[in-house]
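> Fold the following and give me the result.
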Amino acid sequence: MATATRSPYPAPPPAPGSPGRRPARVRFTVDDYHRLAELGFLHEDARVELVEGDLIAMSPIGPRHADVVDRLVELLVPLLLRRAIVRVQNPLRLDEHSEPEPDLMLVNCREGRYASAHPRPDDVLLLIEVMDSSADYDRGTKLGLYARFAVTEVWLIDLTEQRIELHRSPNEGTYTERLIRSRGQTVAPTRFPDVELDVDAILGPGATAAGPGPLPPPRA
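Model prediction:
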């Protein structure tokens with residue numbers, strides 16, 4: 001067995017004014033990410049997602065967040081039977097370094113469904129994120145990521161402001177169409193204009209927000 005020995009000659013100090021080495025960032029690939037789970041480093045119930053090579057710990061799902069997702073499922077599944085597949089908190093493969101897990105997606109029906117591979121951006125008809133404590137992250141990092149990969153339509157359901165932000169028509173990494181729908185209004189996916197949903201039915205009971213206010217600009 002080899003033994004470590006200490007050199008009698010100390011290492012020379014860095015030259016005056018030379019910067020120290022910065023820690024290197026390790027970017028995980030999707031294959032790395034899945035291998036970590038297979039090896040037991042990530043528990044199967046761990047709430048993490050891979051975004052641009054980083055493992056991101058997601059916020060715990062609160063009761064109101066979960067209720068809105070449940071409401072969406074109850075509303076959308078009967079209306080889209082055999083027209084689209086409703087996927088809840090399942091992965092979306094964007095590229096080699098990103099596999100986020102949106103709250104809900106409508107994806108294309110296809111033979112074999114998605115048993116052999118997760119959906120890609122061109123499979124997505126509508127992507128929905130429910131925002132509470134994660135609003136800055138969803139509206140910034142994740143919305144920008146979805147725009148960059150041309151996900152055609154994203155809804156951000158803002159539980160604090162009690163409204164739905166519609167982001168459509170991605171072009172050069174940003175959404176060129178941004179709309180707000182508040183309580184008392186309806187909303188429908190671009191791909192399914194006949195599937196008109198009441199915003200109140202999505203948000204459920206709650207105190208009336210002060211007003212819609214201006215739509216925050218997308219964060220870089």
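
> for the residue most central in space within the chain, phi and psi?
Of all residues in the chain, the one closest to the mean position by C-alpha atoms, centre = their mean is P102, 4.2 Å from it. Comment: the main-chain dihedrals of P102 come out as phi -60, psi 160, following degrees, to the nearest 10.

> Give me the contact list for stretch 111-127.
84-85, 87, 90-94, 99, 102, 104-108, 110, 146, 149-155, 189-192 (C-beta atoms under 8 Å, 6 or more residues apart in numbering). (C-beta placed from N, C-alpha, C; glycine too.)

> hang on, the earlier thing: so the closest residue to the residue nearest to the centre of the chain other than its chain neighbours versus G184, what's the distance?
Ranked by C-beta to C-beta, 6 or more residues apart in numbering and with sequence neighbours excluded, the top spatial neighbour of P102 is L127, at 5.0 Å. Shown here: L127 relative to G184, a distance of 25 Å by C-beta to C-beta, to the nearest Å.

> Settle it for me: which of those two has more neighbours?
For L127 versus G184, neighbours defined as other C-beta atoms under 10 Å are more numerous around L127 (26 against 9).

> circling back: the residue nearest to P102 and R71: what is the separation?
17 Å.

> repeat for V151
With C-beta to C-beta as the criterion, V151 and R71 are 22 Å apart.

> now do D31
The value you get for D31 to R71, if C-beta to C-beta is used, is 36 Å.

> How about L156?
Counting by C-beta to C-beta, the gap between L156 and R71 amounts to 16 Å.

> How about the secondary structure of P60?
Counting by DSSP: H, G, I helix; E, B strand; the rest coil, the backbone at P60 sits in coil.

> Find the nearest non-adjacent residue to it, please.
Counting by C-beta to C-beta, 6+ apart, P60 lies nearest to R47, which is 7.0 Å off, once chain neighbours are set aside.

> just the strands in this protein please.
Along the chain, the stretches classed as strands by DSSP state E are 48-51, 54-57, 85-88, 104-107, 124-131, 153-158, 163-171, 174-182, 186-187, 197-198.

> packing partners for the last one?
Taking 3 or more C-beta pairs under 8 Å, 6 or more residues apart in numbering; DSSP states H and E as the contact definition, the neighbouring helices and strands of strand 197-198 are strand 186-187.

> Tell me which residues are up against the strand it packs on.
Taking C-beta under 8 Å, 6+ apart as the criterion, the residues outside strand 186-187 that touch it are W155, I164, L166, R181, E196, L197, D198, V199, I202.

> out of the residues you listed, which are buried?
In terms of neighbour count (16 or more other C-beta atoms under 10 Å), the buried residues within the contacts of strand 186-187 are W155, I164, L166, R181, L197, V199, I202.

> one step back: pick out the most distant pair among the contacts of strand 186-187.
Every pair in the contacts of strand 186-187 was compared (C-beta to C-beta); the two farthest apart turn out to be L166 and D198, at 14.9 Å.

> So for S133, what's the nearest residue that isn't a sequence neighbour?
With sequence-adjacent residues excluded and distances taken as C-beta to C-beta, 6+ apart, S133 is closest to S59, at 5.1 Å.
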